[in-house]
Each structure stands twice: as structure tokens, then as C-alpha cells.
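Participant: below is the sequence, then the predicted model.
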Amino acid sequence: MDSQPPSPDLEQQTTSRKQRRGIGRIGWAIIGAVFFGSLLAIGILPRLSQRSELQAAVKEASTVPSVNVITPRRAAATTNLELPGSVVALNQTTIYARSTGYLRRWYADIGDRVQAGQLLAEIDSPDIDQQVLQAKAELAQAQANVLQSRASLAKSVSDLKQAQANLLIARQSWQRWSVLVKQGAVPQQDADTRYATYQANLANVEAAKNTVNSDSANVKAAQANVYASQANFQRNTVLQSYKKVTAPFAGVITARNVNTGVLISAGSGNTNTSSNNTSNTNTSNTSLYTIAAYDKLDVNVNVPQSLSPSLQTGQTAEITVKELPQRAFTGKVVRTSNAIDPNTRTLLTQLEVDNYNATLRPGMYATVKFAINRTNPPFVVPDSALVVNAAGTQVATLTKDQTVHYQKVAVGRDYGTEVEITSGLTGNESLIATPTVDETEGLRVQPVAQKK
């Protein structure tokens, strides 16, 4: 059976359905492309932005140098201050002769411990012995003159009393005769004779008074001579006592400069001495011994000016010497010079230490350790952070905008790897740990906290 051709309406409908199906597929394709494009934009664009920012940061980091920064720290409130010191004798003196003569004998040698007043040597002084005898005789003569002057004064006083008595009788006799003359009982001549006798006795009284005054002055002069002679006798007696040389205080003999038989000249400036205990050369020398007190010793130490206000009288310190590593001595600050040495900028401080067993010796080098309490401790920074140039001592700080700024500071104690900063810092600064010549003023840098 023959098939019939499709009708035009059917073909038209079929064509219309195909066209609509094609347009739907294109629309869905467009929608899918837009959707996937949106997803792609959401995922890729932030990455591209981050990548751009990272590249910019890397570029900036490659142009801004990085530096290690630190923060200054406060030093401890209590710190140990070790300073070199010198041990000296609390009381040391050289003994000189006060009497001229020859050394008869010496009784103490170097290293001997002696007590105050102990006999050290004797000097044979015949000259001073004779001077003592002469002074004694002069004193006796002056005393005899006083007795003689007093006897003369006594006689003068007696004569004055007799003259005054005679004067009294003569005056009364003249007065009676004057009355009789007026009554016409006696002649005027007799009255004149009584008057002349009265005047003579009056003159005798005046002469006796002058004699008494003269004899009194003679007594005073004789007494003054006695005082002078007595003083001269006492002086020579004291000089004679210097024939015995004694220790002025308890201590140790550190030098003996004379030997038996040597001529000693009191007050002589000749210092041509013999050796301590070997030479027998007869030389004139006034230096006999040197003695030092050992029971207590002084330790002199120079304290830096910056720490001098922290020291107080009565403060204790630990004293050690290299030769006695197992021993530590306690010293007490007893005095300071109260003046800063302009050459060393230090304060001379003196400590007193007990030395009853004579372990320490004058002249030793010692180490003195003070415990210093500071109310406002300084800052401490590594020594590598300091920059020393023509502008002085500085540190490289970072400003808020991360630029370099050099700050001038004052340096205190040096601990080797660290130093104290006494002024110039507040403690809030960021410091470049190791500044170089490349970190110039105003340079922008990238701070990196230094690992401790």
C-alpha cells in the first residue's frame, strides 16, 4: 500500500518544535556559562588579589631593611660593687730620737709585737745628764735668792714699821710743843726743833716704803727666776727621759734603722741610715724605729662618682685578698674624703677592719665588695647597641613610623657584655640591637624582635 506524504501542517509543527528545542539548549548553555563564570570569578579573583598584595609586600620587604630590636631593661635594685682597695695601717709612725748621744742598747727588732710604753732602746747622753745637773743647781741658786730677797723684804717692812712709830711720836711731840708755845710756856725755838724732828721721821717713813717696794720687786724677780730655772730643769729632765725610747702604742715593729753604738742626733736631718738589722755603720740618724698598729687596719678604696651617693657611714662591705681565698673579712665605712677627686672622679672611702690575729698586713691589695641599694636603678642594654662617634655615645631607636633616630645617652657601669645607661632613656624605646653604618638617621626599617 502506497504511503501518503505528510501534510504541510504536520511538517510545520515539527519544524516549530525543533526550533524551540534548539533555542532552549542555547539558553541553558548561556545560563550554565554565566553560572560557572561567576563561580570562577568568586574563587580566582581573591587569589589574584592576595597574590598581588603578596608580591607588593615582597617587593617592599626587599627594599626596606630588617633590623633586630630590643627593649632596655631595668637593672636590679641591689647590686654588688667590687672595687680594688689598699690595706693600710690604722696607726703607723716613725720613732725619732729626742736626746743626743750614743745608742747604748736596743731591745726590739722587726716583726716584734710590742705594747704601749714598752722599752725599745736606750741612749747614752752624758751631755743631757750634765745639763740636768746644771739646771738643778741653777734652780737651787734661784730658790736661795728668793729666800734672801724675802729676808731683805722682811727687814725693810720692820724698818718701815719702826719709822712709822717714830713718826707718830714726833708728830705728837711737835703738836704738844706747838700748844705750849702759844701759851708762852716754852720758847719758839724748842717748838721748831720738835717740828724738824717730825719732818725727818716723815722722810724716814717714805724712804722705808720705797725700800719695801724695792725689796718686794726683788722677791718677785727672784721668784720668776725660780720659775724659769724650774722650767729649764723640767725640760732637761724630760729630755733626759728620752734616753729611754718607748713604744707610743701597741703594734708591730716594721723597721729598725740603728744599731748599738751609733751616734744619735736629736733633730738631725741626716737620714744616712743603716739597714734594718745587718749594718754596723756608725752614722747619725734620728729615725730609730717604724711601728704600725695591726689590731685594726684601714682599707682605702676609690668609689666612682656615680655611686658615691649610695655609700653611707657605717655601711659594711666584704673584703677579700687573693692570698687568702678561703677568708672573707668584714669592713665598715668609717669616713670619706667628702670631695670628688677631679682627676679620677672618685671618692676616697676608708673602711675599718678588725685584724686581731694579724692575718692582714699593711700594703696588701684587696677587693672590696659593696651591696648597693639603688632607689632608681638605671637601664641595662647590650654593649653592641652603643654607637660611639663624634656626637658622643648614642643608641639607635625606632620612632612610631619605624624610622631610625639616634638618641644620646650617658653610660654607667660596664658589665662586659652589657652596660648601664644612667640617662637618655625612658625604658619604652625600641633599640636596634646591633646598629651599623647603613642605619642612618631617618631610615625606614622593618623591626624584628630579637630572640633571647
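Facilitator: Perfect, I can see it now.

Participant: every contact and neighbour count from this point should use C-alpha atoms.
Facilitator: OK.

Participant: could you give me the average pLDDT of the strand or helix carrying Lys136?
Facilitator: Counting by DSSP states H and E, the element that carries Lys136 is helix 126-183. When pLDDT is averaged over helix 126-183, the result is 87.

Participant: now do it: distance to the chain's middle.
Facilitator: 68 Å (C-alpha atoms, centre = their mean, to the nearest Å).

Participant: also stretch 175-189?
Facilitator: Relative to its chain's centre, stretch 175-189 lies at 99 Å (C-alpha atoms, centre = their mean).

Participant: about what we covered before: what's the next secondary structure element after the helix holding Lys136?
Facilitator: For helix 126-183, the following helix or strand on the C-terminal side (DSSP H and E) is helix 188-241.

Participant: which other helices and strands does that next one contact?
Facilitator: helix 126-183 (3 or more C-alpha pairs under 8 Å, 6 or more residues apart in numbering; DSSP states H and E).

Participant: tell me the angle the helix it packs on makes with helix 188-241.
Facilitator: Orientation check (axes from the mean of the first three to the mean of the last three C-alpha atoms, to 10 degrees): helix 126-183 against helix 188-241 gives 170 degrees.

Participant: make 626 the starting number, not 1.
Facilitator: New numbering, starting at 626: the last item is helix 751-808.

Participant: elements contacting the helix holding Lys761?
Facilitator: Using 3+ C-alpha pairs under 8 Å, 6+ apart: helix 751-808 touches helix 813-866.

Participant: what's the residue nearest to Thr1028 when sequence neighbours are not counted sitting at in phi/psi?
Facilitator: Distances taken as C-alpha to C-alpha, 6 or more residues apart in numbering place Arg1069 nearest to Thr1028, at 4.3 Å, with adjacent residues excluded. When read as degrees, to the nearest 10, the backbone of Arg1069 gives phi -80, psi 130.

Participant: which residues touch Arg1069?
Facilitator: By C-alpha atoms under 8 Å, 6 or more residues apart in numbering, the contact list for Arg1069 reads Val689, Pro690, Asp1026, Gln1027, Thr1028, Val1029.

Participant: ok, now Val739?
Facilitator: By C-alpha under 8 Å, 6+ apart, the residues touching Val739 are Ala872, Ala875, Gly876, Val877, Ile878.

Participant: likewise for Val958?
Facilitator: Gln937, Thr938, Gly939, Gln940, Thr941, Ala942, Thr974, Gln975, Leu976, Glu977.

Participant: distance check, the closest residue to the first one other than its chain neighbours against Leu922.
Facilitator: This means Gln937. Distances taken as C-alpha to C-alpha, 6+ apart place Val958 nearest to Gln937, at 7.3 Å, with adjacent residues excluded. Distance, Val958 to Leu922, using C-alpha to C-alpha, to the nearest Å: 12 Å.

Participant: what's the answer for Pro697, then?
Facilitator: Pro697 is 42 Å from Leu922, where distance means C-alpha to C-alpha.

Participant: comparing those two, which residue is more hemmed in?
Facilitator: Per other C-alpha atoms under 10 Å, whichever of Pro697 and Leu922 has more neighbours is Leu922, with 25 against 20.

Participant: my guess is that one contacts Val978. True?
Facilitator: Yes - the criterion here is C-alpha atoms under 8 Å, and Leu922 meets it with Val978 at 5.4 Å.

Participant: low-confidence regions, the stretch 876-1025 of the chain specifically.
Facilitator: 892-911 (pLDDT under 70).

Participant: give me the buried positions along stretch 798-811.
Facilitator: By neighbour count with 16 or more other C-alpha atoms under 10 Å, stretch 798-811 contains the buried residues Ser798, Trp799, Trp802, Ser803, Leu805, Val806.

Participant: partner residues bridging the closest residue to Arg699 other than its chain neighbours?
Facilitator: Leaving aside its chain neighbours, Arg699 sits nearest to Phe1004 (4.4 Å; criterion: C-alpha to C-alpha, 6+ apart). On the basis of DSSP bridges, Phe1004 is bridged to Arg699, Ile1046.

Participant: from Thr1022, how far off is Phe1004?
Facilitator: The gap separating Phe1004 from Thr1022 is 15 Å, by C-alpha to C-alpha.

Participant: and Thr885, how many neighbours?
Facilitator: Neighbour tally, Thr885, other C-alpha under 10 Å: 16.

Participant: Val1013: neighbour count?
Facilitator: When neighbours are counted by other C-alpha under 10 Å, Val1013 registers 11.

Participant: what about it, which helix or strand?
Facilitator: Per DSSP H and E: Val1013 is located in strand 1011-1014.

Participant: direction included, what does that strand pair up with?
Facilitator: Within its sheet, and counting by DSSP bridges, strand 1011-1014 is paired with strand 1017-1023 (antiparallel).

Participant: buried residues in the strand it pairs with?
Facilitator: Quick answer for strand 1017-1023 (16+ other C-alpha under 10 Å): Gln1019, Val1020, Ala1021, Thr1022, Leu1023.

Participant: who's the fourth one bridged to?
Facilitator: Looking back up the chat, that one is Thr1022. Under the criterion DSSP bridges, Thr1022 forms beta bridges with His1030, Leu1056.

Participant: residues touching it, list them.
Facilitator: Thr1022 neighbours (C-alpha under 8 Å, 6+ apart): Val1029, His1030, Tyr1031, Gln1032, Glu1054, Ser1055, Leu1056, Ile1057.

Participant: and what of the last one?
Facilitator: For Leu1023, the contact set (C-alpha under 8 Å, 6+ apart) comprises Val1029, His1030, Glu1054, Ser1055, Leu1056, Ile1057.

Participant: the residue nearest to Thr871 when sequence neighbours are not counted: how many residues sit nearby?
Facilitator: With C-alpha to C-alpha, 6+ apart as the criterion, Thr871 has its nearest non-adjacent residue at 4.4 Å, and that residue is Leu744. Using other C-alpha under 10 Å, Leu744 is surrounded by 15 other residues.

Participant: all set, thanks.
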